[in-house]
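*Asks:* starting from these lines, generate the structure:
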Amino acid sequence: MAKLDNVLYGHLWRPFASLMVIVLLLPLFVKSSYILTVLILIGIYSLISIGLSLLLGYAGQISLGHAAFFGIGAYVSGVLTAKYAGSPWIAMVIGIVFTWLVSYVIGMAILRLKGHFLALATMAINIIFFILILGLDEFTGGASGLVGIPSLSLFQLNLGNPLYFYFFVWFIVFVIILFSMNIIRSNIGRLLRSIHDSEIATETLGVNVAKYKVIIFSLSAVYASLAGSLYAHFISFIAPPSFYITFSILLLVMVMVGGVHSIWGAVLGTAIIMFLNEWIRYIGQTYFHISGQVEIVVYGLIIILVMMFMPKGLVDILERLWKKIKSVQIKGAEKRKMTTEKGA
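*Replies:* The predicted model follows:
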């Protein structure tokens, strides 16, 4: 338990253990392959939203281009395995390394910008990537997409089985959560929060602010690349629309709804928005016969409502509610103690 406390910093093991129990038990109750697929996608997208939480919530750097890094991981894995019959695991590693190099170079160039200028720059990166995967159709399949991406296998275990892949993806999510929480609680995490509060004040302390911004930007891109590779090998088919700006906006909504200052908020927001997204599509197509990107309108409305009524996300509301419950319990225990003492 002492070692666990060192890794999870005391009370943080409780939400970690709770999430682990939920993930382990869900397959016992979920019989629909469709719902299981959604749960797998929640795990994959959580990897990206955790990285965005580090970038936006802790370092204060916005990105509307992480769909591009997600796509780089997916297409590097897809092309190397479907076109050149490479090993999926080696392809994933190559995708991660390539994404890190690209994001490092991009970060050095654009992270000098701030606010909406940075948002527009990252959006431009996303547009450039989208145009490239459409134009390089000899490798990417263009608008028709890339087919024939093989599923993963691990020690003779076929991860093409959705249930096996579900546990594999969420194992990776737990590892990333542990790693990210330890970054947050480290000296680097404290520097990131300082950069978020005031870059100028942090620089006056002799800290190389640009260096740490690029590092966390590249790390979040690596998370997205890993998610992209997992997505490609799970779906076995990728196409440009999956990596357009609308997906970057969706990722931002996930983080904002859950709470940008919390790793748990990133996972919670991803789950809520994914199920909401599926519900919107079902209602729109079944009852209103609406097709296309109608959900983007809902995303915009959600962003406005979140900014107005819960700027710190759902996690902040849940934390305050938990504190009130604990306060009531403590007061009740004190009253019972006083009553017992008077009776004695």
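*Asks:* make it CA atoms for all contacts and neighbour counts henceforth
*Replies:* Will do.
*Asks:* please report how far the residue minimising distance to the centre of the chain lies from Asn161.
*Replies:* Residue closest to the mean C-alpha point of the chain, counted by C-alpha atoms, centre = their mean, is Ser49 at 1.8 Å. For Ser49, the distance to Asn161 equals 25 Å [C-alpha to C-alpha, to the nearest Å].
*Asks:* got it, and Ile317?
*Replies:* 37 Å.
*Asks:* show me what the helix or strand where Leu252 lies is packed up against.
*Replies:* If you go by DSSP states H and E, Leu252 is part of helix 245-258. With contacts taken as 3 or more C-alpha pairs under 8 Å, 6 or more residues apart in numbering; DSSP states H and E, helix 245-258 sits against helix 33-52, helix 66-78, helix 115-135, helix 263-287, helix 295-309, helix 313-343.
*Asks:* so which of these is the most packed in?
*Replies:* helix 66-78 (a mean of 30; mean count of other C-alpha atoms under 10 Å).
*Asks:* excluding residues flanking it in the chain, which one is nearest the residue nearest to the centre of the chain?
*Replies:* Ala266 (5.4 Å; C-alpha to C-alpha, 6 or more residues apart in numbering).
*Asks:* next up, the contacts around that neighbour.
*Replies:* Ser46, Ser49, Ile50, Ser53, Met254, Val255, Met256, Gly258, Gly259, Val260 (C-alpha atoms under 8 Å, 6 or more residues apart in numbering).
*Asks:* what residues does stretch 105-115 touch?
*Replies:* With C-alpha under 8 Å, 6+ apart, stretch 105-115 has contacts from Gln61, Ile62, Leu118, Ala121, Thr122, Ala210, Lys213, Val214, Phe217, Ser218.
*Asks:* and the contacts of Ala266, which is closest to Tyr34?
*Replies:* When these are ranked by distance to Tyr34 (C-alpha to C-alpha), Ser46 comes first, at 18.3 Å.
*Asks:* Val255 is in contact with the residue nearest to the centre of the chain, correct?
*Replies:* Yes - the pair Ser49 / Val255 is scored as a contact, 5.9 Å apart, by C-alpha atoms under 8 Å.
*Asks:* list residues touching both of these two?
*Replies:* Ala266, Thr270.
*Asks:* kindly state the pLDDT recorded for Val294?
*Replies:* With respect to pLDDT, Val294 scores 67.
*Asks:* gap between the residue nearest to Ser49 and Val38?
*Replies:* For Ala266, the distance to Val38 - C-alpha to C-alpha - is 16 Å.
*Asks:* now do Phe309
*Replies:* Counting by C-alpha to C-alpha - Phe309 and Val38 are separated by 28 Å.
*Asks:* coming back round to it: of the contacts of Ala266, grab the buried ones for PyMOL.
*Replies:* Of these, the buried ones go into a single PyMOL selection, burial set by 16 or more other C-alpha atoms under 10 Å:
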select buried, resi 46+49+50+53+254+255+256+258+259+260
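*Asks:* quick check: closest non-adjacent residue to Ala68.
*Replies:* Nearest to Ala68 is Asn126, by C-alpha to C-alpha, 6+ apart, at 5.0 Å.
*Asks:* in space, what's closest to Ile40 - neighbours in sequence excluded?
*Replies:* Nearest non-adjacent residue to Ile40 (C-alpha to C-alpha, 6+ apart): Tyr166, at 5.3 Å.
*Asks:* name the element the one you found belongs to?
*Replies:* Going by DSSP H and E, Tyr166 is in helix 162-184.
*Asks:* list of residues touching that helix?
*Replies:* With C-alpha under 8 Å, 6+ apart, helix 162-184 has contacts from 7-8, 23-24, 27, 33, 36-37, 39-40, 43-44, 46-47, 50, 54, 158-159, 189-190, 230, 234, 263.
*Asks:* so which elements touch the helix or strand following it?
*Replies:* For helix 162-184, the succeeding helix or strand toward the C-terminus, using DSSP H and E, is helix 187-197. Packing partners of helix 187-197 (3+ C-alpha pairs under 8 Å, 6+ apart): helix 199-204, helix 209-235.
*Asks:* would a markdown table of those with mean neighbour count be doable?
*Replies:* Shown next, in a markdown table, are these (neighbours: other C-alpha atoms under 10 Å):
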| stretch | mean neighbour count |
| --- | --- |
| helix 199-204 | 14 |
| helix 209-235 | 24 |
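*Asks:* of all those helices, which lies closest to Phe98?
*Replies:* Short answer: helix 209-235, nearest of the helices and strands packed on helix 187-197 by C-alpha to C-alpha, at 9.1 Å.
*Asks:* what packs against that closest one?
*Replies:* Secondary elements touching helix 209-235 (3+ C-alpha pairs under 8 Å, 6+ apart): helix 33-52, helix 66-78, helix 88-110, helix 187-197, helix 199-204.
*Asks:* for the last one, packing partners?
*Replies:* Same thing as helix 199-204. helix 187-197, helix 209-235.
*Asks:* just the C-alphas of that helix, formatted as PDB.
*Replies:* These are the backbone C-alpha positions of helix 199-204, laid out as PDB (Å, rounded to 0.1, in the frame of the first residue of the first chain):
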ATOM      1  CA  GLU A 199       4.500  32.900 -18.500                       C
ATOM      2  CA  ILE A 200       6.300  36.200 -17.800                       C
ATOM      3  CA  ALA A 201       6.500  35.500 -14.100                       C
ATOM      4  CA  THR A 202       7.800  32.000 -14.800                       C
ATOM      5  CA  GLU A 203      10.500  33.300 -17.200                       C
ATOM      6  CA  THR A 204      11.700  35.800 -14.500                       C
END
